[in-house]
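>>> Take a look and give me a structure for this.
(4 chains)
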Amino acid sequence: MEIKINDRNAQVELLSRKDNNVLISIDGRKYEADIVMVENGIYSILIDNKSYNIELIKIESKKYLVTTYSQSYDIEIIDAESKYLKSRKKDDTLEETTISSPMPGKIVKVLVNEGDQVKAGDTVVIVSAMKMESEYKVKKDRLIKEIKVREGDTINAHQPLIVIE
Amino acid sequence: MEIKINDRNAQVELLSRKDNNVLISIDGRKYEADIVMVENGIYSILIDNKSYNIELIKIESKKYLVTTYSQSYDIEIIDAESKYLKSRKKDDTLEETTISSPMPGKIVKVLVNEGDQVKAGDTVVIVSAMKMESEYKVKKDRLIKEIKVREGDTINAHQPLIVIE
Amino acid sequence: MINKVLIANRGEIAVRVMRSCREMGITTVAVFSEADRAAMHVRYADEAYFIGPSPSKESYLNIKKIIKAARESGADAIHPGYGFLSENADFAERCKKEKIIFIGPSSFSIRTMGDKISARKTMIEAGIPVIPGTDKINNEKEAIEKSGEIGYPVMVKASAGGGGKGMRLVFNEKDIVTAVRAAQSEAREAFGNDSIYIEKYIESPHHIEFQILADNFGNTIHLFERECSVQRRHQKVIEETPSPIITPKVREKMGEFAVAAAKAVSYSGAGTIEFIVDDDLNYYFLEMNTRLQVEHPITERVVGVDLVKEQIKIASGFELEIKQESLQQFGHAIECRIYAEDPDNNFMPSPGKIKHISEPLGLGVRHDGYVYEGYEIPIFYDPLISKLVVWARTRKEAIARMKRALYAYKITGVKTSIRFLERIMECPDFVNGKYNTHFIEKNREFLLFSKKHDQKVDDVAIIAAFMDYTFNMEKLEARLFSQNGKSNWKNSGRKISIQRL
Amino acid sequence: MINKVLIANRGEIAVRVMRSCREMGITTVAVFSEADRAAMHVRYADEAYFIGPSPSKESYLNIKKIIKAARESGADAIHPGYGFLSENADFAERCKKEKIIFIGPSSFSIRTMGDKISARKTMIEAGIPVIPGTDKINNEKEAIEKSGEIGYPVMVKASAGGGGKGMRLVFNEKDIVTAVRAAQSEAREAFGNDSIYIEKYIESPHHIEFQILADNFGNTIHLFERECSVQRRHQKVIEETPSPIITPKVREKMGEFAVAAAKAVSYSGAGTIEFIVDDDLNYYFLEMNTRLQVEHPITERVVGVDLVKEQIKIASGFELEIKQESLQQFGHAIECRIYAEDPDNNFMPSPGKIKHISEPLGLGVRHDGYVYEGYEIPIFYDPLISKLVVWARTRKEAIARMKRALYAYKITGVKTSIRFLERIMECPDFVNGKYNTHFIEKNREFLLFSKKHDQKVDDVAIIAAFMDYTFNMEKLEARLFSQNGKSNWKNSGRKISIQRL
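Now for the predicted structure:
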């Protein structure tokens, strides 16, 4: 099976398993791991007697945010279904670009109107969260296609705010 | 609806509700409550601005162990279905009695054999948990009908250990 | 004694105040906005009153609504915490009018210290050292003379200034005239007012503050200093006590000035005198915070005093029992502020739902927080999640303990500053106690350097995700089987095809 | 310095030891039985080794397996914690033979103090007061004489005794002969041996112990006392320091004896000298615990020393840095032991799965635990869940703080002693510091008295259950609807019938 970790892909195979002891190959590297879910979403893993604590947040059914002590990873399971969906997506050339905020917050100000032509670096929307305001800019010269929010709106993380072309 | 709390029954009615604000009557006493589940199984309830924290453990679909700051309650929701089941159960005169332990543990010793006639106060089984042994006795003269465990067995709380008649 | 206290605040400080109230047998009243119905301070309090919509202006900053809740609940006192209405003189006055005890100083003290000009004037009169500076400069000759008196480097500032405009830093007399002219012209353009003044520039400023307590009988004491120079955008990040740079002699003298400063405004309650200190341990009054500080726990730990209890006792009209000469600093304490923010992404705030939290515990660790698993940190308020406070016999041991506590502190669901704080504990400048308010800027690279890539840790992360996926698939299959009977060939086929993917 | 420590233990003490190791930069190695794969000490450690089936005998008490894990991991030292192998002289010897440092005293110290007879003999030789008593009594005349010397009341005991058999309490000389005869006859029947001896009977015994630290260079210090008289079935429940009954003079003298007792067995490491103290503050050596005690945190808090770190430094061959004269007791600390047990059901152990836990935090609270939400407390080991330790300036404030902490401490899923401990904090005998080892027995009724019935609280419990049921019903209906389409009349009918129930 293929697994995408951040920006690279790894070939993963479960070679054998007995209860919570598994033998796994990752890009040819073999690991004997004792893996137990100790709390909801938290795994205790022993490999060569080293103790690892890994926290998983499921974003979607095959997408995880995985946190080790020192780092966070975006991990995606790529099975036949996802491969099929991805290949279809590639055919679909209608790629839209949107402005969104990585955090939830409140719209302070929308600085553009639909149909506006904006220049690279122009601020198009200001979002406030926790007493701090963040400005969102366009990276290239763009046309404002659709404005999906109004001032005062409460928004979620990654929600499309403005559609640009 | 009827609700059984410990050994008594109460008549409960939901009179009105708006979002998390409810008006409830319990045996004729009316309560305006603001009720929110804040964590899994934990409710924050405000009544006349007093703040209550209630923890619920669901034992079965209609049975709860409810813990307030000062006390624990066994609470059962009695709807038409449970009433029907209860009435059927009453007809069923085949009541068996069993010896069980209120805690999980390990069987240290079974002191009787199937078919034995025991006297009130006789110890029939010894269970150990957390370095402490507990003796379980019969309350009345009884016949040992069936022994369901063996020495060394690990048992759950409330699991039938010995069936008596 | 006060019987019932309304806490006009939220978050960790509301819970912290309630804890002391509970120990004193005082009933606690929470107030909450729409966003805070499920917040910990509502759950912890004896009573809770709804005070309006989520934005602070319509709830926690709304004096009318808070007074109404106090009247309805029959609270005889209000504790303002920090932030919100804590330094609002009108609110203190309004409480007085309503015959509700405001747990804090008088509106006079708040007003005098709240205004920079009147505070500076009052301090000069009381003989407290302030940053050397001038009134309005009338001509270039005066600029040269006064700058010479103050001593270079100096900062030329626009009287109407703000945002860095009309400011010029001058290191030598030869540059002063050019600087004055440039500042004047910039100020004229920016503010339509070219008046300027000159102030001493502190090159490596340390931010050191003194905790004071004053009762209504003229007794004022200080509880030593807190070193607060680890700041980011003028926001304190880490505080410690004792300060690694202060000497016993300077400490004693600064403490005396802190007491004198408080007395100069007839202060009552707990307050903090902030000083700017340079590398040569010259110190200057900066401002007074007329309330409890976020970082008060490090003082509590090293001195052994519950500051909230002292506030309540003073507000109840009791005389201070603690005497200056009985106080001493025992050991060393450090506080780290844990924010919901993303250090890897320019410290952008990160509100959201807490998925999992493991709090660090054990010897010498105090943890003041308010979030819990499943709690959604709202977007409307401060991103402070909690304060991690450690104590140890020595500074070195305290740093080791903080590292241990940060190591064991885990929060998922929101981004936090925990790993960034860990890097500070490893940063040589901090470890050696050689830092000033430029510390984070100066060590930016070290602090944001993420640990080197470890193939094995990557692989362990993959194993966890892979096995979780596998376990879930098995559960799903088991459910399919149990729903469709044991010998359902179609599902059996499906199972095999899933495994082969 | 030691680089890698294997902790031959589990539960809260294993985690506590690892915390100090981490602060010292020492790698930690956990060992675990089958039941403990998911236990916190395995999660917290750097490395973890499986050592066998769940019963202690086959894992935590199995010397061979633990030594094997130590060798495999390359640990240069073993910390035994308390319980298990911590007072096993053979284990200490075996470690020595394997050239692994045993973090504890020599097998000689363990053996001498582990045997009651040799310990008593050694203490008498060292001039430490022991409970006055006789050797074998040969005749009635001797019984009368010796009892007179000891002073009434005395206890006549069978030399072969046990389980209370062959024991007689005598208050007056007139009853001694009858008692001796009765004891002899009872002993003859019970044990086939009628030899008896006589010991002073301590009417209201206090259990007070002294913490000591000794290095390998002849330096031995004590860290003052712990009052451990709140016991149930000889199991400590609550400990505090300072003791409410000890005077400075007696403390000093007892401390000197404690140091002398440790020196008499060439002690090294951390240890505890237990004394029996009567109401007149006469004290007698009871026994020595040659290991870390469960209740060591209260000493750490009041004296400001990390005892585990001191153990490790001593075992590493360092000289004690702490001097007796630099130590002092600052404030007051209390520890409550939280057990998984049911006080309403004769304190029956209550293992099981933790559904939810809210730990008390904040000023002056230390919480040493190891359980977490979803953790299943195994049936094989001690029912101790955690230790709640509070500190305050005064004993009165410490009690208030403990009440506050216990109030906020919530565990569901297993029964605990939390509410019982709260009652102790409210019990007048405890509050007044007037208690001895009979405290729980004497106050049984007060302690097990549950708060009076409150109709309103019953009703709030009903509301919670009722609304939870209602919410779940709604969710179920929503799911039925979404599965079967919007206009499914059959389901609509079902919905209405459900609501009407």
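>>> Every contact and neighbour count from this point should use C-alpha atoms.
OK.
>>> Tell me which residue is most central in the chain.
You didn't say which chain, so I picked chain A. Per Cα atoms, centre = their mean, the C-alpha nearest to the average position across chain A is that of A:Asp74, at 6.0 Å.
>>> The chain in question should be chain C.
C:Val294 (4.2 Å).
>>> Excluding chain neighbours, give the residue nearest to it in space.
Using Cα to Cα, 6 or more residues apart in numbering or on different chains and skipping the chain neighbours, the partner closest in space to C:Val294 is C:Tyr82 (7.0 Å).
>>> and the longest helix for chain C?
If you go by DSSP state H, chain C has its longest helix at helix C:455-484.
>>> Show me which positions of that one end up buried.
Counting neighbours by 16 or more other Cα atoms under 10 Å in any protein chain shown, one finds that the buried residues in helix C:455-484 are C:457-469, C:477, C:480-481.
>>> chain center to that helix: distance?
43 Å (Cα atoms, centre = their mean, to the nearest Å).
>>> helices or strands next to it in the packing?
Judged by 3 or more Cα pairs under 8 Å, 6 or more residues apart in numbering or on different chains; DSSP states H and E, helix C:455-484 is in contact with strand A:2-5, strand A:42-47, strand A:50-60, strand A:63-67, strand A:72-78, helix C:489-500.
>>> Next up, the contacts around C:Gly114.
Counting by Cα atoms under 8 Å, 6 or more residues apart in numbering or on different chains, C:Gly114 touches C:Glu87, C:Met288.
>>> Now do it against C:Arg120, distance only.
10 Å (Cα to Cα, to the nearest Å).
>>> Chain D contacts on chain A?
Counting by Cα under 8 Å from any Cα of the partner chain, chain A comes close to chain D at A:Val36, A:Met37, A:Val38, A:Glu39, A:Asn40, A:Ser44, A:Leu46, A:Asn49, A:Lys50, A:Ser51, A:Tyr52, A:Asn53.
>>> before we move on, what about chain C?
Checking chain C against chain D by Cα under 8 Å from any Cα, the hits are C:16, C:19, C:22-24, C:297, C:304-306, C:361-368, C:392-393, C:397, C:400-401, C:403-404.
>>> hmm, try it at 6 Å
Residues of chain C lying close to chain D (Cα under 6 Å from any Cα of the partner chain) are C:Glu23, C:Gly362, C:Arg366, C:His367, C:Asp368, C:Ala400, C:Arg401, C:Arg404.
>>> Chain A: which of these is nearest?
C:Arg404 (12.7 Å; Cα to the nearest Cα).
>>> Find the nearest non-adjacent residue to residue 44, please.
Reading this off chain A. Leaving aside its chain neighbours, A:Ser44 sits nearest to A:Asn53 (4.9 Å; criterion: Cα to Cα, 6+ apart).
>>> should've been chain C
Per Cα to Cα, 6+ apart, closest to C:Tyr44 is C:Val15, 6.9 Å.
>>> elements contacting the strand or helix carrying that neighbour?
Counting by DSSP states H and E, the element that carries C:Val15 is helix C:11-23. If contacts are counted by 3 or more Cα pairs under 6 Å, 6 or more residues apart in numbering or on different chains; DSSP states H and E, helix C:11-23 sits against helix D:395-408.
>>> coming back round to it: what about the residue nearest to C:Tyr44, how many neighbours?
26 (other Cα atoms under 10 Å in any protein chain shown).
>>> so it sits right up against C:Met40, yeah?
No - shown here, C:Val15 and C:Met40 do not form a contact pair, counting by Cα atoms under 6 Å, at 7.2 Å.
>>> hey, which helix or strand in chain C has the poorest pLDDT?
The least trusted helix or strand in chain C, going by mean pLDDT, DSSP states H and E, turns out to be helix C:489-500, with a mean of 42.
>>> What pLDDT is listed against the residue in chain C that chain B sits nearest to?
Chain C approaches chain B most closely through C:Glu47 (4.3 Å), counting by Cα to the nearest Cα. Here the pLDDT value assigned to C:Glu47 is 98.
>>> Repeat that for C:Phe481.
pLDDT, C:Phe481: 71.
>>> repeat for the one 5 residues further on
Note on C:Lys486: pLDDT of 49.
>>> ditto for A:Ala80
So A:Ala80 comes in at 77 (pLDDT).
>>> Which residues are in contact with the residue nearest to the centre of chain A?
Shown here is A:Asp74, whose contacts under the criterion Cα atoms under 6 Å, 6 or more residues apart in numbering or on different chains are A:Ile5, A:Asn6, A:Tyr64, A:Leu65.
>>> between those residues, which is nearest B:Asp153?
A:Tyr64 (40.6 Å; Cα to Cα).
>>> which residue packs closest to that closest one, ignoring adjacent ones?
A:Lys58 is the one closest to A:Tyr64 (Cα to Cα, 6+ apart), at 4.6 Å.
>>> likewise C:Gly25?
C:Asn3 (7.8 Å).
>>> Near the residue nearest to A:Ser44, how many other residues are there?
Going by other Cα under 10 Å, the residues that sit close to A:Asn53 add up to 22.
>>> Just confirm it contacts A:Leu46, I think it does.
No - proximity of A:Asn53 to A:Leu46 does not meet the contact threshold set by Cα under 6 Å, at 8.9 Å.
>>> Any idea how many residues pack against residue 40?
Chain wasn't specified; assuming chain A. A:Asn40: 13 neighbours (other Cα under 10 Å).
>>> The intended chain is chain C.
Neighbour count for C:Met40, taken as other Cα under 10 Å: 22.
>>> dump the residue contacts of it.
Shown in contact with C:Met40 (Cα under 6 Å, 6+ apart): C:Tyr370.
>>> Wondering if the lengthiest strand in chain C reaches chain A at all.
Scanning chain C for the longest strand, with DSSP state E as the assignment, gives strand C:220-232. No - counting by Cα under 6 Å from any Cα, chain A has no neighbours in strand C:220-232; the shortest distance is 13.8 Å.
>>> ok, and the closest non-adjacent residue to residue 119?
I'll assume chain A. A:Asp141 (4.2 Å).
>>> Chain C is the one I meant
C:Met113 (4.8 Å).
>>> Tell me the helix or strand right after the helix or strand hosting that neighbour.
Using DSSP H and E, C:Met113 falls within helix C:107-114. Of the helices and strands lying after helix C:107-114 in sequence (DSSP H and E), the nearest is helix C:116-125.
>>> Just the C-alphas of that following helix, formatted as PDB.
Output of helix C:116-125 as PDB, limited to C-alpha atoms (Å, rounded to 0.1, in the frame of the first residue of the first chain):
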ATOM      1  CA  LYS C 116       1.500  57.900  31.400                       C
ATOM      2  CA  ILE C 117       2.000  61.700  31.900                       C
ATOM      3  CA  SER C 118       0.300  61.900  35.300                       C
ATOM      4  CA  ALA C 119       2.100  58.700  36.400                       C
ATOM      5  CA  ARG C 120       5.500  60.000  35.400                       C
ATOM      6  CA  LYS C 121       4.800  63.300  37.200                       C
ATOM      7  CA  THR C 122       3.700  61.600  40.300                       C
ATOM      8  CA  MET C 123       6.700  59.300  40.300                       C
ATOM      9  CA  ILE C 124       9.200  62.200  39.800                       C
ATOM     10  CA  GLU C 125       7.600  64.000  42.800                       C
END
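>>> tell me the mean pLDDT over that helix?
Mean predicted confidence for helix C:116-125 is 90.
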